[in-house]
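Asks: Need the 3D shape of this:
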Amino acid sequence: MFKNFIPDILLSYIQSKLNIKIINVNAVSGGDINDVYHLQCDDHSYLLKVNDRYKFPNMFAKEQQGLKAIRQTNAIAVPEFVLQGELGNDSYLVLEWINVGSANAPASSKLGMQLAQMHKKTNTQFGFYVDNYMGSLIQTNNWYATWSDFFIEQRLQPMVEMAVDKKELSRTDIHQFDQLYKKLPGLFTEEPPALLHGDLWGGNYLIDTSGKPYLIDPAVSYGNREFDIAMTTLFGGFDRAFYEAYNQEFPLRPGWQQRLKLWNLYPLLVHVNLFGGMYANEVRDNLAAFI
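Replies: A predicted model of the protein is given here:
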């Protein structure tokens, strides 16, 4: 639910810091975590995100770090950072406003090619320099030498333990995951770490009115690039042109389609912990394909 208002003190503060005059404010869709607004000025616009600084500490600072990491690859656009901080009980993030256009085949092809170029940005280990958020849940990013160890210890195990504590998964499910952990190194071929967006479902990219792709709301780490591709197949998937362009620029290893359900165990476990319900059964179905 939107607050449908921004505290006057926060609006006044933003206007003062940016030396602007806001002439109109509209609430826009922003998911379940943040209140999101379109700030219109005389000659340009901004996107403002607001949330509870105590409920989601440093969330926007982490988002800013993720956007910066993606921008520094010079591979794909992200909204320009404008301002971030805290005032009273609120945490806020101001970004440039993107006028959204059509996600047609040419734009999807460009998105696929540019994501592949971003994935060529590599590192010596799997992880990231800071922890961040996956949705509203803390995501740890300690460094590991292999993707299998990182995926087990920084992704699957914390979410499985949380789901058991919430009584969404059982001790039997823990045993099934233990079987997967033993098999995991043999289920794929290790690759050098790639810079991942980390939460790449259909709601976390934009195409502007000129057909230019942007990535938004990252949960970055260095990981196996199939993880990002797997997430694109959740909740409807991306245009076929996206996958064709990606594979032309940076071909995925044979059998990648069969591993999508493996990597999607993590986002599905996140959904189990946030929403419960049918996602637990979907986790079990995906898990059963690999044990």
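
Asks: Please name every helix or strand in contact with whatever helix or strand residue 175 lives in.
Replies: According to DSSP states H and E, residue 175 maps onto helix 171-183. Applying 3 or more C-beta pairs under 8 Å, 6 or more residues apart in numbering; DSSP states H and E, one finds that helix 171-183 makes contact with helix 157-165, helix 279-288. Every residue, glycine included, has its C-beta placed from N, CA and C.

Asks: What helices and strands are in contact with the helix or strand that it is followed by?
Replies: Next in sequence after helix 171-183, counting helices and strands by DSSP H and E, comes strand 194-196. Helices and strands touching strand 194-196, as assessed by 3+ C-beta pairs under 8 Å, 6+ apart, comprise helix 105-119, strand 221-223, helix 226-232.

Asks: go again using 6 Å as the cut-off
Replies: Strand 194-196 is packed against strand 221-223, with contacts defined by 3 or more C-beta pairs under 6 Å, 6 or more residues apart in numbering; DSSP states H and E.

Asks: Just the residues contacting the strand it packs on, thanks.
Replies: By C-beta atoms under 6 Å, 6 or more residues apart in numbering, the residues outside strand 221-223 that reach it are 123, 126, 128, 141, 193, 195-196, 198.

Asks: Could I have the ChimeraX command that selects the buried members from these?
Replies: One line in ChimeraX is enough to select the buried members of the contacts of strand 221-223, burial here meaning 16 or more other C-beta atoms under 10 Å:
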select :123,126,128,141,193,195,196,198
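
Asks: With distance to residue 182 and pLDDT added, can I get the contacts of strand 221-223 in CSV?
Replies: Output for these, formatted as CSV (distance: C-beta to C-beta, whole Å; pLDDT from 0 to 100):
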residue, distance to residue 182, pLDDT
123, 27, 98
126, 19, 98
128, 26, 98
141, 24, 98
193, 23, 98
195, 29, 98
196, 25, 98
198, 26, 98
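
Asks: Farthest-apart pair in the contacts of strand 221-223, please.
Replies: Spatially, the most separated pair among the contacts of strand 221-223 is 123 and 198, at 14.0 Å (C-beta to C-beta).

Asks: who are the neighbours in contact with the spatially most central residue of the chain?
Replies: Centrality entry for the chain: nearest residue to the mean C-alpha point is residue 199, 2.4 Å, by C-alpha atoms, centre = their mean. Neighbour list for residue 199: residue 219 [criterion: C-beta under 6 Å, 6+ apart].

Asks: For the helix holding residue 175, what is the distance to the chain centroid?
Replies: 26 Å (C-alpha atoms, centre = their mean, to the nearest Å).

Asks: quick one, it and helix 157-165 angle?
Replies: Using axes from the mean of the first three to the mean of the last three C-alpha atoms, to 10 degrees, the inter-axis angle of helix 171-183 relative to helix 157-165 is 170 degrees.

Asks: Extract the residue ranges of the chain that are flagged as low pLDDT.
Replies: In the predicted model, the chain carries pLDDT under 70 at residues 1-4, 30-31.
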